[in-house]
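Have a look at this fold, sequence not included:
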Ligand SMILES: NC(=O)C1=CN([C@@H]2O[C@H](COP(=O)(O)OP(=O)(O)OC[C@H]3O[C@@H](n4cnc5c(N)ncnc54)[C@H](OP(=O)(O)O)[C@@H]3O)[C@@H](O)[C@H]2O)C=CC1
Ligand SMILES: CC(=O)C(=O)O
Ligand SMILES: [Mg+2]
């Protein structure tokens with residue numbers, strides 16, 4: 001069994017590897033316009049670029065029209081208070097700022113430059129930031145120590161005409177306020193009746209306590225500490241913002257203050273709250289230990305000291321992650337979309353209420369309907385939403401944009417209904433769509449057998465799967481080979497405890513397996529000798545037998561070899577009257593949103609009947625991702641203009657779907673460009689039933705579908721999920737040799753989620 005020290009060392013190395021490989025850092029810059037021809041060059045740069053410059057020179061607001069400014073945030077730090085690591089300098093803060101940049105992008109589609117500045121003087125730093133206004137739509141100040149951060153933010157807000165938001169202050173305060181109001185609601189306490197003790201009176205601490213006061217906590221009920229002890233009015237080292245909290249008696253100790261206190265708010269440093277002090281707090285206290293990366297007290301220690309406590313940390317590996325990531329991507333999104341000049345108090349309060357209400361709104365009924373697989377319901381372990389909650393973007397950005405328009409800081413008025421719809425659509429443009437599947441996988445303890453258990457990608461997937469879905473991997477392979485590869489990869493999972501092995505060369509179940517296989521196939525030419533040989537050598541057949549015998553819930557194979565070879569054994573062992581492979585569906589997650597392609601592998605040449613079945617299965621599977629299918633039947637023929645084989649098959653399938661009254665949108669036959677380009681399609685056939693871009697492309701043979709899939713995967717920078725084997729009740733999936741660990745993990749998550757929602 002791996003020790004805690006081993007695990008910590010492996011985790012540390014994994015974090016460093018994440019930053020170093022395959023290329024250093026977490027970001028790159030990509031062009032959004034073509035740059036392929038001399039004409040592109042002439043437009044993008046001299047002479048064409050001058051036209052855009054001239055327009056902006058004449059009208060400054062045109063900068064958001066002709067440049068990326070309107071979607072660009074500057075994350076600025078001088079590295080003086082980096083997480084809880086202290087003043088480690090601007091350069092060492094760069095990983096945090098790059099991290100924020102990718103969160104802005106992934107969660108809210110905002111572009112971001114991280115700017116680390118060697119400037120300790122707050123006024124000089126503010127001056128520098130102000131001079132960056134031409135570049136950015138908004139500024140996120142980050143990890144600048146108190147009290148300097150107050151000066152920098154004040155000067156920037158006064159002088160700049162774009163939103164400036166110090167996230168450690170206001171982002172943290174918003175999330176703390178949301179979590180605290182929900183915790184108080186559960187505890188049946190009112191803000192005006194509670195007593196609060198704060199450790200850390202820096203940027204985050206002062207902003208959070210200011211927000212608690214706005215919620216109704218009396219000033220006198222807040223006792224605040226920093227490194228030099230309690231804040232009291234005899235201290236001469238405090239800035240005005242800290243002085244506003246200096247109401248305690250000189251000499252008050254943390255132990256004295258905590259006696260009977262209802263809420264502890266830690267925004268200081270690691271391990272600073274001793275467990276014995278927690279024991280003296282009011283019954284079932286609220287403990288927010290938010291120092292990063294190590295909290296003031298670990299949740300298990302706090303829970304042991306005060307059973308029934310409601311506990312939050314800033315980390316993602318415990319319940320209740322109170323972290324400003326729940327706020328900053330979305331508040332900036334809302335502010336930029338209405339070209340707000342500022343992020344004012346009303347926008348911040350709208351954000352508090354939106355975050356808090358999201359956690360409260362998650363009732364069991366809604367879980368089943370809209371957030372399949374989510375078991376999180378409002379309670380002590382779910383005070384605030386999770387960062388990957390797809391509702392955050394539409395809900396918070398909308399609330400912020402509305403508040404900006406209502407309070408007159410918005411320079412642009414927008415239709416809020418249309419805005420909500422566009423935000424919802426954005427969520428599904430990213431790999432966040434897989435989150436839903438992972439959440440569903442986490443609800444079910446599935447055993448998944450990997451036929452090629454010796455493959456290093458599979459071994460790495462097993463480790464990732466244990467961490468991400470909690471499912472149990474079974475690897476078919478030789479134990480010594482698997483162990484050597486585990487060691488080589490530095491992975492710590494252990495046989496029997498974390499995963500199981502089936503050794504084809506020597507397994508006690510061998511007799512049971514070959515006899516099962518023989519009985520199952522004795523009338524299809526499989527003799528006992530052949531069954532013995534197959535159960536010794538064919539890992540796909542072994543995995544299928546395990547699923548058939550109920551020893552595994554699902555199997556994954558195909559990391560090498562031919563798809564149809566694997567399919568033969570899957571089908572032989574697992575197909576029944578009800579279960580038969582209908583088609584293979586590939587999902588590629590692209591910049592423009594998800595795109596599904598079928599049938600990439602099963603029906604080499606479709607008939608009208610198999611094609612109609614493929615379309616119906618595809619629609620069912622696409623809905624499982626929370627996406628409404630818009631299916632295009634793609635052919636060389638277009639709305640009956642060519643009498644070719646694929647056109648005839650498509651038209652036949654269309655007729656069958658019409659007769660079956662299919663409850664989803666489908667149309668055909670058409671070229672692939674017409675499927676993806678609504679304008680072109682509407683010119684060709686104005687009465688067609690599709691609206692917008694089709695999200696499922698179905699072809700008449702596997703050559704065409706396979707080619708479309710491979711082009712998307714290789715040339716369009718898409719992340720593939722699948723292929724998903726449809727029709728087999730989620731009992732088997734066959735990947736292809738190019739699969740990556742991330743791809744395998746995605747398929748494992750699909751395989752490990754509830755079969756009843758999957759056919
Ligand atoms: N979960 C979240 O979303 C967020 C968490 N944080 C965390 O909060 C902490 C503070 O960040 P920030 O406010 O930006 O930093 P600052 O440097 O502005 O403030 C740090 C505060 O903690 C106090 N402090 C440090 N060590 C001790 C100690 N041993 N005993 C008592 N007080 C101490 C400092 O006191 P003094 O002034 O005397 O040095 C200061 O008041 C960090 O750990 C950070 O990671 C911050 C933002 C968001
Ligand atoms: C989360 C964050 O901003 C911090 O710890 O500084
Ligand atoms: Mg920070």
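Looks like it came in fine. This is a predicted model, so every value here is computed, not measured. Numbering: from 1, shown residues only. Ligands and ions are numbered 1, 2, ... in the order given.

what residues are up against the nearest residue to residue 68 once chain neighbours are set aside?
Closest residue to residue 68 apart from its sequence neighbours, by CB to CB, 6 or more residues apart in numbering: residue 111 at 6.1 Å. In this view, the C-beta of every residue, glycine as well, is placed from N, C-alpha and C. Applying CB atoms under 8 Å, 6 or more residues apart in numbering, we find residue 111 in contact with 68, 71, 72, 73, 104, 105.

cool, and residue 512?
Contact analysis of residue 512 by CB under 8 Å, 6+ apart lists residue 549.

Regarding it, which helix or strand does it belong to?
Here residue 512 sits within helix 510-521, counting by DSSP states H and E.

Show me which positions of the next helix or strand after that helix end up buried.
Using DSSP H and E, the helix or strand that follows helix 510-521 in sequence is helix 528-537. Buried positions in helix 528-537, judged by neighbour count with 16 or more other CB atoms under 10 Å: 531, 532, 534, 535.

Now, of the contacts of residue 111, which are buried?
Among the contacts of residue 111, those buried by neighbour count (16+ other CB under 10 Å) are 71, 72, 73, 104, 105.

can you pull the contacts of the closest residue to ligand 2 within the stretch 151-300 of the chain?
Distance from ligand 2 to each residue of the stretch 151-300 of the chain (CB to the nearest ligand atom) is smallest for residue 292, at 3.6 Å. Listed by CB under 8 Å, 6+ apart, the contact set of residue 292 reads 83, 84, 314, 315, 323.

So the second one: helix, strand or coil?
Residue 84 falls in the coil class when you classify it by DSSP: H, G, I helix; E, B strand; the rest coil.

What does it show for phi and psi?
The phi/psi pair for residue 84 (degrees, to the nearest 10) reads phi -100, psi 20.

OK, contacts around it?
Going by CB under 8 Å, 6+ apart, residue 84 touches 268, 269, 270, 291, 292, 293, 294.

do you know how far it is from ligand 3?
The gap separating residue 84 from ligand 3 is 9 Å, by CB to the ion, to the nearest Å.

One more: the last one?
Taking CB to the ion as the measure, residue 323 falls 9 Å from ligand 3.

for this protein, which spans come out with low pLDDT?
For the chain, applying pLDDT under 70 flags the ranges 1-4, 362-376, 425, 428-432, 490, 754-759.

In it, what residue comes closest to ligand 1?
Across the chain, no residue is closer to ligand 1 than residue 202, which sits at 1.8 Å (CB to the nearest ligand atom).

Residue 438 touches residue 749, doesn't it?
Yes - in terms of CB atoms under 8 Å, residue 438 counts as a neighbour of residue 749; the distance is 5.0 Å.

Mind checking which of the two has more residues around it?
The neighbour comparison of residue 438 against residue 749 (other CB atoms under 10 Å) goes to residue 749, with 26 against 19.

mind listing what that one touches?
Neighbour list for residue 749: 434, 437, 438, 440, 441, 465, 468, 469 [criterion: CB under 8 Å, 6+ apart].

Turn the residues you listed into JSON lines, columns for secondary structure and distance to residue 634.
Output for those, formatted as JSON lines (DSSP: H, G, I helix; E, B strand; the rest coil; distance: CB to CB, whole Å):
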{"residue": "434", "secondary structure": "helix", "distance to residue 634": "25"}
{"residue": "437", "secondary structure": "helix", "distance to residue 634": "26"}
{"residue": "438", "secondary structure": "helix", "distance to residue 634": "30"}
{"residue": "440", "secondary structure": "helix", "distance to residue 634": "30"}
{"residue": "441", "secondary structure": "helix", "distance to residue 634": "31"}
{"residue": "465", "secondary structure": "helix", "distance to residue 634": "34"}
{"residue": "468", "secondary structure": "helix", "distance to residue 634": "34"}
{"residue": "469", "secondary structure": "coil", "distance to residue 634": "34"}
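
Relative to ligand 2, which of those residues is nearest.
Of all the contacts of residue 749, ligand 2 sits closest to residue 468, with 22.3 Å by CB to the nearest ligand atom.

With adjacent residues omitted, what lies nearest to the closest one?
residue 438 (6.2 Å).

Could you do residue 675 as well?
Spatial nearest neighbour of residue 675, excluding adjacent residues (CB to CB, 6+ apart): residue 632 at 3.4 Å.

So in terms of bridging, what pairs with that neighbour?
residue 667, residue 697 (DSSP bridges).

circling back: got any residues that touch both of residue 438 and residue 749?
Between them, residue 438 and residue 749 share the contacting residues 468, 469, judged by CB under 8 Å, 6+ apart.

returning to what we had before: is the residue nearest to residue 675 in contact with residue 699, as I believe?
No - in this structure residue 632 lies outside contact range of residue 699 using CB under 8 Å: 9.9 Å.

In contact with the residue nearest to residue 468, which residues?
Shown in contact with residue 438 (CB under 8 Å, 6+ apart): 468, 469, 749.

need these in a markdown table with distance to ligand 2, can you?
Shown next, in a markdown table, are these (distance: CB to the nearest ligand atom, whole Å):
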| residue | distance to ligand 2 |
| --- | --- |
| 468 | 22 |
| 469 | 26 |
| 749 | 28 |
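
And the residues you listed, which is closest to residue 496?
Residue 496 has its nearest neighbour among those in residue 469, at 19.3 Å by CB to CB.

Quick check: chain neighbours aside, which residue is closest to that closest one?
Nearest to residue 469 is residue 441, by CB to CB, 6+ apart, at 3.9 Å.

quick one: the one you found from residue 620, how far?
Taking CB to CB, to the nearest Å as the measure, residue 441 falls 18 Å from residue 620.

Which one's more surrounded, the two?
Legend: neighbour count by other CB under 10 Å for residue 441 and residue 620, higher for residue 441 (26 against 16).

Could you check how far the more buried one is from residue 737?
As judged by CB to CB, residue 441 and residue 737 stand 24 Å apart.

and if you look at residue 578?
As judged by CB to CB, residue 578 and residue 737 stand 30 Å apart.

List of residues touching stretch 640-653?
With CB under 8 Å, 6+ apart as the test, stretch 640-653 has contacts from 606-609, 611-612, 615, 633, 635-637, 668-669, 699-701, 704.

let's see 7 Å
The contact list for stretch 640-653, computed with CB atoms under 7 Å, 6 or more residues apart in numbering, reads 606-608, 611-612, 615, 633, 635-637, 668-669, 700.

coming back round to it: please dump the buried residues of helix 528-537 into JSON lines; it should also carry distance to ligand 2 for every row.
Formatted as JSON lines, those follow (distance: CB to the nearest ligand atom, whole Å):
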{"residue": "531", "distance to ligand 2": "59"}
{"residue": "532", "distance to ligand 2": "59"}
{"residue": "534", "distance to ligand 2": "55"}
{"residue": "535", "distance to ligand 2": "54"}
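
Identify the farthest-apart pair in these.
Using CB to CB, the two most remote members of the buried residues of helix 528-537 are 532 and 534, lying 7.5 Å apart.
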